[in-house]
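Enquirer: sharing a model prediction with you, sequence too.
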Amino acid sequence: MAEPNILISEVGPRDGLQNINTIMPTADKKRWIRAQAEAGVREIEVGSFVPAKLMPQLADTAELVEFSKTIDGLSVAVLVPNLRGAKDAVACGVDKMSIPLSVSETHSQRNLNRTHDQMIKEIRSIADMVRQLPVDDRPHFEVGLSTAFGCSIEGVIDESKVLRLADRALEAGCDEIGLSDTTGYGNPTQVKRLVRSVKQAVGHNNLTGVHLHNTYGLGLANTLAALEEGIVTIDSSLGGLGGCPAAPGASGNIVTEDLVFMLQAMGLTTGIDLSLLLRVRDILSEALPKETLYGFLPNAGLPEGFVTV
């Protein structure tokens with residue numbers, strides 16, 4: 001198999017589960033994570049260190065991190081809302097942690113009860129904490145610029161605000177920024193323009209990943225636009241589960257199965273075996289029987305003669 005050139009970051013166990021009422025049993029989450037890793041998924045966001053009373057669906061994140069760290073070759077990622085969450089993540093030994101910085105300040109206040117200035121202060125505190133760790137113990141620290149392509153509360157987002165916050169986040173000490181289409185408002189032309197502008201503003205290597213939602217069916221088209229501008233890490237969710245509780249109308253993520261199929265059909269390599277990936281979906285169907293799973297490939301099946309790795 002050729003060396004993978006696109007990293008698929010599976011966010012289902014976090015983003016996929018935070019927006020549903022069903023609490024998936026921890027044992028089933030572990031089956032899910034292991035099965036996706038065995039299918040070749042190299043990075044999985046296994047949860048978020050948020051208070052259990054606010055998001056009981058993710059109360060087992062620490063246990064999932066401990067379990068996931070036993071899987072060879074898997075980068076274990078989590079979302080953190082603040083310094084307290086980052087300290088918990090570091091204590092568990094995560095490989096990567098991401099904090100959301102919403103370009104829409106209204107969304108930021110609803111989601112994390114923080115203004116932009118307060119979030120930058122939080123980012124700086126986390127970066128300072130990480131720098132005090134031994135080099136080998138430092139997780140990769142990413143700031144995800146959420147609602148970067150539009151907000152269902154504020155509406156259109158001025159792209160100059162995205163550039164300013166990207167610069168402020170990097171100045172505060174994070175390792176990298178990401179662009180998130182939290183509401184699915186983005187379109188391919190906009191994605192190309194914003195990715196290019198941010199890369200020019202903060203440096204090509206400081207933006208390598210995007211997190212796109214499929215609210216209006218443009219997720220894969222937007223992915224292709226991002227790839228054409230040099231993006232190499234794509235977030236997605238098995239079965240297209242996901243959404244943001246603080247963003248009205250924000251529906252699921254890009255379907256991992258459809259994304260991998262598109263990339264491999266284009267001749268790009270992900271390191272993922274599609275036939276094994278499709279079997280993982282059965283775990284979700286069994287554990288979440290009341291939840292709708294999305295995706296064209298699972299319904300249509302693989303084309304005759306398609307090479308799955």
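Expert: That came in fine, so what should we check first? Numbers count the residues shown, from 1 in each chain.
Enquirer: output the below-cut-off pLDDT ranges for the stretch 151-300 of the chain.
Expert: 243-251 (pLDDT under 70).
Enquirer: helices of that one, start to end?
Expert: 159-172, 188-202, 219-228, 256-265, 274-287, 297-300 (DSSP state H, counting those that start in this stretch).
Enquirer: what's in contact with the first one?
Expert: In other words, helix 159-172. 101, 103, 116, 120, 123-124, 127, 143, 145, 148, 177, 179, 193-194, 197-198, 201-202, 206-207 (CB atoms under 8 Å, 6 or more residues apart in numbering). Any C-beta I mention is one placed from the backbone N, CA and C, and that applies to glycine too.
Enquirer: between it and helix 188-202, how many degrees?
Expert: For helix 159-172 against helix 188-202, the angle by axes from the mean of the first three to the mean of the last three CA atoms, to 10 degrees is 40 degrees.
Enquirer: please apply the same query to the fourth one.
Expert: An angle of 80 degrees separates the directions of helix 256-265 and helix 188-202 when computed by the same axes, to 10 degrees.
Enquirer: show me what helix 256-265 is packed against.
Expert: Packing contacts for helix 256-265, counted by 3 or more CB pairs under 8 Å, 6 or more residues apart in numbering; DSSP states H and E, involve strand 7-10, helix 219-228, strand 233-236, helix 274-287, helix 297-300.
Enquirer: which one of these lies nearest to Ile20?
Expert: Each of those has some distance to Ile20 by CB to CB; the shortest is helix 274-287, at 10.8 Å.
Enquirer: give me the contact list for that closest one.
Expert: With contact meaning CB under 8 Å, 6+ apart, helix 274-287 is reached by 12, 24-25, 28, 31-32, 35-36, 38-41, 238-239, 241, 256-257, 260-261, 264, 291, 293, 295, 297-298, 302, 306, 308-309.
Enquirer: got the CA coordinates for it in CSV?
Expert: The C-alpha atoms that make up helix 274-287 are tabulated as CSV, following Å, rounded to 0.1, in the frame of the first residue of the first chain:
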residue,chain,number,x,y,z
LEU,A,274,-13.0,0.6,2.8
SER,A,275,-14.4,-2.9,3.1
LEU,A,276,-13.4,-3.0,6.8
LEU,A,277,-14.7,0.6,7.4
LEU,A,278,-18.1,-0.3,6.1
ARG,A,279,-18.4,-3.1,8.6
VAL,A,280,-17.8,-0.7,11.5
ARG,A,281,-21.1,0.9,10.7
ASP,A,282,-22.8,-2.2,12.0
ILE,A,283,-21.5,-1.4,15.5
LEU,A,284,-23.3,2.0,15.4
SER,A,285,-26.5,0.5,14.0
GLU,A,286,-26.6,-2.0,16.9
ALA,A,287,-25.7,0.5,19.6
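Enquirer: run the chain-centre distance for that helix.
Expert: Relative to its chain's centre, helix 274-287 lies at 19 Å (CA atoms, centre = their mean, to the nearest Å).
Enquirer: same question for stretch 168-182.
Expert: The answer for stretch 168-182 is 13 Å, by CA atoms, centre = their mean.
Enquirer: export that stretch as PDB, just CAs?
Expert: Extracted in PDB, the C-alpha atoms of stretch 168-182 (Å, rounded to 0.1, in the frame of the first residue of the first chain):
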ATOM      1  CA  ARG A 168      -4.200  36.000  17.600                       C
ATOM      2  CA  ALA A 169      -4.500  32.300  18.300                       C
ATOM      3  CA  LEU A 170      -1.100  31.500  16.900                       C
ATOM      4  CA  GLU A 171       0.400  34.500  18.700                       C
ATOM      5  CA  ALA A 172      -1.100  33.100  21.900                       C
ATOM      6  CA  GLY A 173       0.900  29.900  21.400                       C
ATOM      7  CA  CYS A 174      -1.100  27.200  19.800                       C
ATOM      8  CA  ASP A 175       0.700  24.800  17.400                       C
ATOM      9  CA  GLU A 176      -1.800  25.100  14.500                       C
ATOM     10  CA  ILE A 177      -5.200  26.400  13.600                       C
ATOM     11  CA  GLY A 178      -8.100  24.600  11.800                       C
ATOM     12  CA  LEU A 179     -11.100  26.000   9.900                       C
ATOM     13  CA  SER A 180     -14.500  24.700  10.900                       C
ATOM     14  CA  ASP A 181     -17.700  25.000   8.900                       C
ATOM     15  CA  THR A 182     -19.800  24.500  12.000                       C
END
